[in-house]
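Student: Pasting the sequence and the predicted model now:
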Amino acid sequence: DGGITQSPKYLFRKEGQNVTLSCEQNLNHDAMYWYRQDPGQGLRLIYYSQIVNDFQKGDIAEGYSVSREKKESFPLTVTSAQKNPTAFYLCASSMHRANPDNSPLHFGNGTRLTVT
Amino acid sequence: AQKITQTQPGMFVQEKEAVTLDCTYDTSDPSYGLFWYKQPSSGEMIFLIYQGSYDQQNATEGRYSLNFQKARKSANLVISASQLGDSAMYFCAMRDTSNTGNQFYFGTGTSLTVIP
């Protein structure tokens, strides 16, 4: 079955360490996204990518980095510069905006990151 | 600027009754898409229903329907015959293709509790 795989489900890190969250999709979607979710704040966009080797900053990109070397993969690195990294991180993908417009975001099951 | 507004942080509904979750949006683009997602306590985001800005009729999917009032820029979700399994967070989202990107904007969500 097609879908989005995020790993690991739970991740624990010490403050000051970089950590990379994995996101893989086999839906053949062009666009991929990373969202951060904190209690009471809904989903906030970190980065998104429309095509391979291209990505754009979202609303809260500071302290994060991404790469898009393959269509299927869009890993997110939470760097030590991110001041409050503890959160629930959701990866998503969608078809290109022009094809068709009603294509929803498909989400992975999320990674819960705890930094102490 | 806030693009999606959900003004009900929490809602309660009696089992088998109907409930309406409010959503208003802001865009100057004539072409946009509106989506509703359900997020159970396990964290995954489940796509429920879609409404296109040019759709003449309100969208329906099983027990879910969307009360789309374009002039008021509202897209309320109606859940009929509520079930205990409907207890979850519900997010309204808008797909905005007016800029260079293909972004989805989310509201802060409504927590729905179904009472037996």
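Tutor: In hand now; what should we look at?
Student: where in the chain is pLDDT low?
Tutor: Let's take chain A. For chain A, the stretches flagged by pLDDT under 70 are A:1, A:97-101.
Student: try again with chain B
Tutor: For chain B, the ranges with pLDDT under 70 are B:1-2, B:97-101.
Student: Please repeat the previous calculation with a cut-off of 80.
Tutor: Scanning chain B for pLDDT under 80 picks out the ranges B:1-2, B:96-102.
Student: so who does B:Ser41 touch?
Tutor: B:Ser41 makes contact with B:Ala88, according to C-beta atoms under 8 Å, 6 or more residues apart in numbering or on different chains. For the C-beta atoms, the positions are set from N, CA and C on the backbone; glycine is no exception.
Student: Can you classify it by secondary structure?
Tutor: coil (DSSP: H, G, I helix; E, B strand; the rest coil).
Student: how deep is A:Leu45 tucked in, by neighbour count?
Tutor: 21 (other C-beta atoms under 10 Å in any protein chain shown).
Student: no no, A:Asn102
Tutor: 14.
Student: Count the neighbours of the closest residue to it other than its chain neighbours for me.
Tutor: Excluding the flanking residues, the one nearest A:Asn102 by C-beta to C-beta, 6 or more residues apart in numbering or on different chains is B:Tyr50, at 4.9 Å. A count of neighbours around B:Tyr50, defined by other C-beta under 10 Å, yields 19.
Student: ok, B:Tyr50 - contacts?
Tutor: Per C-beta under 8 Å, 6+ apart, neighbours of B:Tyr50: A:102, A:104, B:33-35, B:59.
Student: Now do the strands in chain B.
Tutor: With strands called from DSSP state E, chain B shows them at B:4-5, B:10-14, B:19-21, B:24-25, B:32-39, B:46-52, B:60-61, B:64-69, B:74-79, B:88-96, B:103-106, B:110-115.
Student: about what we covered before: which of the contacts of B:Tyr50 count as buried?
Tutor: Buried members of those, counted by 16 or more other C-beta atoms under 10 Å in any protein chain shown: A:104, B:33-35, B:59.
Student: Adding distance to A:Gly63, write these out as a markdown table.
Tutor: Converted to a markdown table, the buried ones among the contacts of B:Tyr50 look like this (distance: C-beta to C-beta, whole Å):
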| residue | distance to A:Gly63 |
| --- | --- |
| A:Pro104 | 28 |
| B:Gly33 | 30 |
| B:Leu34 | 31 |
| B:Phe35 | 28 |
| B:Ala59 | 38 |
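Student: coming back round to it: could you dump the strands of chain B to TSV with distance to A:Gly42?
Tutor: TSV is the format used below for those (distance: least, C-beta to C-beta, whole Å):
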stretch	distance to A:Gly42
strand B:4-5	8
strand B:10-14	14
strand B:19-21	14
strand B:24-25	13
strand B:32-39	10
strand B:46-52	16
strand B:60-61	22
strand B:64-69	19
strand B:74-79	15
strand B:88-96	6
strand B:103-106	5
strand B:110-115	10
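Student: so which of the ones you listed gets nearest A:Gln82?
Tutor: strand B:103-106 (20.3 Å; C-beta to C-beta).
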